[in-house]
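Chemist: Mind folding the following:
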Amino acid sequence: DEVCQKILSTTGITIDPVVIQLRKLLDYHCPRRLPHTQSCKIDSFQHHHQVSRFIYSVLLKLLKTILKDCEIKCHIRKGIFRFIQMRRFEKVTASELAVGCKSVKIDYITLVSLYQIIFCDIVIPLVSMCFYVSDTAQFKLRLFYYRRDDWALIKKPFMDNLCSRLLLPVTVDSKASGYKKAAKLRLLPKDTQGVSLRPIMNMKSMNSRMELKCVLSILEYHKQADPTLLGASITGGMDEIADKIHDFKMKSNFNQYYSLKVDVERCFDSIPQDRLLSLLRTIIIHPEYSVYRYDTVAMYDKNGDIIR
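Modeler: Purely as a prediction, here's the structure:
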């Protein structure tokens, strides 16, 4: 009813509320890919054209009066497909979607407002309600659409395993137990061959970034004070790797050198948390640390040299 009132106030067109059997339309255009299995594979997603047809079929039943105009009808269908095909972080405005529509019944300004209502109040909530939309570790910014019931089967065994070993449920006594806030968890499909998901914790919702930076500063202090703590490990990124390789080449007399890149399967999941904490207790030996933040300001002359 709210959407119908918005369209009426914007375009002057009356839209009668209708009852739509979403489940029947969803099963017809986007049939389930995992009816009897819990295998997590990227090929269990719904194709873009399937999702677009489902949304378009809902709009056909909901906006019969408006979509009698063949020009608007065709243009909205193209706009839906463009919207569903968008990659992560891509943006589009209602005016961009309305460009090229040459309807004689509705002027351009009203058409832009209509597109705003259709996509913000109908299309986006409909996608959010029926699909889990995610990028993947293999295809980066490309978005995949999983039916909600399919995604529930995909994530259940992984979440059961993760909750039994690493995660704790949020309870009323969480603060009393020493846990400050909860982090949002997102599961990222890893590859087309595997059956695993990559857990990603969103720490931005927590006020702990500064605390984590302080912990990192403490570990950096101990690293500089006693480099032997890390053994052969490298934490400085590619620059430190390049320095290590250069030092090795200067000390050796080999004619050829080979590098080997290894990816440890389920590395994060296989880390023994108790062992890691006991190791940190042997490194962080002081009861208190003082961490200072500062900024430096320098003046340069015309040649780019620092003026002292």
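
Chemist: What are the buried residues along whichever strand or helix holds Ile117?
Modeler: Per DSSP states H and E: Ile117 is located in helix 108-118. Across helix 108-118, burial judged by 16 or more other CB atoms under 10 Å covers Thr110, Leu111, Val112, Ser113, Leu114, Tyr115, Gln116, Ile117, Ile118. C-beta: built from backbone N, CA, C; applies to glycine.

Chemist: I'd like the mean pLDDT over it, please.
Modeler: Averaged over helix 108-118, pLDDT sits at 84.

Chemist: who does that helix touch, helix- and strand-wise?
Modeler: helix 2-11, helix 70-85, helix 94-98 (3 or more CB pairs under 8 Å, 6 or more residues apart in numbering; DSSP states H and E).

Chemist: Could I have the CA atoms of the last one written out in PDB?
Modeler: Provided in PDB are the C-alpha atoms of helix 94-98 (Å, rounded to 0.1, in the frame of the first residue of the first chain):
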ATOM      1  CA  ALA A  94      17.600   6.300 -11.300                       C
ATOM      2  CA  SER A  95      18.300   9.000 -13.900                       C
ATOM      3  CA  GLU A  96      20.900   6.700 -15.500                       C
ATOM      4  CA  LEU A  97      18.500   3.900 -15.700                       C
ATOM      5  CA  ALA A  98      15.800   6.100 -17.100                       C
END
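
Chemist: Skipping its backbone neighbours, what lies nearest Met201 in space?
Modeler: Excluding its sequence neighbours, the residue lying closest to Met201 (CB to CB, 6 or more residues apart in numbering) is Ala183, at 4.5 Å.

Chemist: nope, Thr235 is what I was after
Modeler: Nearest non-adjacent residue to Thr235 (CB to CB, 6+ apart): Lys223, at 7.1 Å.

Chemist: Next up, the contacts around that neighbour.
Modeler: Taking CB atoms under 8 Å, 6 or more residues apart in numbering, we find Lys223 in contact with Leu229, Leu230, Thr235.

Chemist: Closest to Leu143 out of those?
Modeler: Nearest to Leu143, judged by CB to CB, of the contacts of Lys223 is Thr235 at 33.1 Å.
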